[in-house]
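J.: just need the structure, nothing else, for what follows:
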Amino acid sequence: MNSTDEKLLKEISDKSSKEATAYNIRKNGKCIDRKVSDYINIISKEDGTGIDVYIKENTLFGIIHIPVIITKSGLKDVVYNDFHIGKNANVIIIAGCGVHNDHDKTSQHDGIHRFYLAEGAKVKYIEKHYGEGEGTGKKVLNPVTEIKMQKNSNMTMNSIQIKGVDDTLRVTKATLYAGATLVINEKILTSNTQKAKTEFEVILDGEDASTHVTSRSVATEKSYQEFTSNVIGKNKCYGHIECDAIIKDEGMVKAIPEIFAKDTSANLIHEAAIGKIAGTQLLKLMSLGLDEKEAEDVIIKGFLK
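T.: This is a model prediction of the structure:
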């Protein structure tokens, strides 16, 4: 890997992938490095379209990194990664994609991640997306996450679009069975003429299943964002959707939160708030010596923290 590769990995990973229990590093459509352990195995699919990650039951505190980097302009990379998390396992999975494009062709990564959580399994999933480069070619990222959660399993998903992504369609679909809990925290920043669309669908199938979906976004300049979510309660369950957005300059945000109760015991809530940065917040920071732009940057960073 060169310095560009290392920079991309640093942007999308909290720590060095080499420090993880297991890892699979993909560059320009091919695996360039991999490590497995006695409890976590990574196997390439026979058709070359992705990997299967197997986590043994009762595995504790395993850390898995599966970053993707793209530095080749004009490449369209599609990968299918399946995660099989054993009963009562407790792991952290860090994914994400960084794209560097210095030329005029579109570079695109479509990552389809499918999670199968066995009874009592617990997963923290972190996914970061980042784009950079001096070329006119677009950086396009389309992540798809599909989740099946068995009895009393737990998953927290933190999905973050840092900056530099020209177009993205982010799709998350989940089915939760009895006692399962899913928490989703999404954060997106767009600028220039970038476009970002998010689609969430969570089916609360089992008794006492619960979910909390939170989307925080900032649309600046002439960028556009669209948030669509649907939580379906089919049993005694709890679901809460929150969409909070800040618009700046000529930025636009459209929010479509939807809830569908199919059982009288389903408890479902949705909230949406879109607005500009409050003047009182700006004045307070400007009174400390910051100019208006510096004050806006501080507020935006705090909002997306």
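
J.: chain center to the helix or strand hosting residue 285, what's the gap?
T.: Assessed by DSSP states H and E, residue 285 sits inside helix 279-286. How far helix 279-286 lies from its chain's middle: 31 Å, per CA atoms, centre = their mean, to the nearest Å.

J.: can you show me the CA trace of that helix as PDB?
T.: These are the backbone C-alpha positions of helix 279-286, laid out as PDB (Å, rounded to 0.1, in the frame of the first residue of the first chain):
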ATOM      1  CA  GLY A 279     -29.100  32.500  15.300                       C
ATOM      2  CA  THR A 280     -28.700  32.300  19.100                       C
ATOM      3  CA  GLN A 281     -26.100  29.600  18.700                       C
ATOM      4  CA  LEU A 282     -24.100  31.600  16.200                       C
ATOM      5  CA  LEU A 283     -24.200  34.800  18.400                       C
ATOM      6  CA  LYS A 284     -23.100  32.900  21.400                       C
ATOM      7  CA  LEU A 285     -20.000  31.500  19.600                       C
ATOM      8  CA  MET A 286     -19.300  34.700  17.800                       C
END
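
J.: the helix or strand following it vs helix 279-286, what angle?
T.: Using DSSP H and E, the helix or strand that follows helix 279-286 in sequence is helix 292-303. Calculated by axes from the mean of the first three to the mean of the last three CA atoms, to 10 degrees, helix 292-303 forms an angle of 110 degrees with helix 279-286.

J.: buried residues, helix 292-303. List them.
T.: Within helix 292-303, the residues that count as buried by 16 or more other CB atoms under 10 Å are 295, 296, 299, 300, 303. Any C-beta I mention is one placed from the backbone N, CA and C, and that applies to glycine too.

J.: and the residues you listed, which two are furthest apart?
T.: Within these, two members stand farthest from each other by CB to CB: 295 and 303, at 12.7 Å.

J.: show me what the helix holding residue 285 is in contact with.
T.: 292, 294, 295, 296, 298, 299 (CB atoms under 8 Å, 6 or more residues apart in numbering).

J.: and the gap between the fourth one and residue 279?
T.: Relative to residue 279, residue 296 is positioned 11 Å away (CB to CB, to the nearest Å).

J.: now the first one
T.: Taken as CB to CB, the spacing of residue 292 relative to residue 279 amounts to 11 Å.

J.: can you check the third one too?
T.: Taking CB to CB as the measure, residue 295 falls 11 Å from residue 279.

J.: circling back to that earlier point, name the residues of the helix holding residue 285 that come out as buried.
T.: Quick answer for helix 279-286 (16+ other CB under 10 Å): 282, 285.

J.: pLDDT (mean, whole number) over it?
T.: Averaging pLDDT along helix 279-286 yields 81.

J.: all further residue positions should be reported with the first residue as 18.
T.: I'll keep to 18 as the first residue from here, and by that count the last item is helix 296-303.
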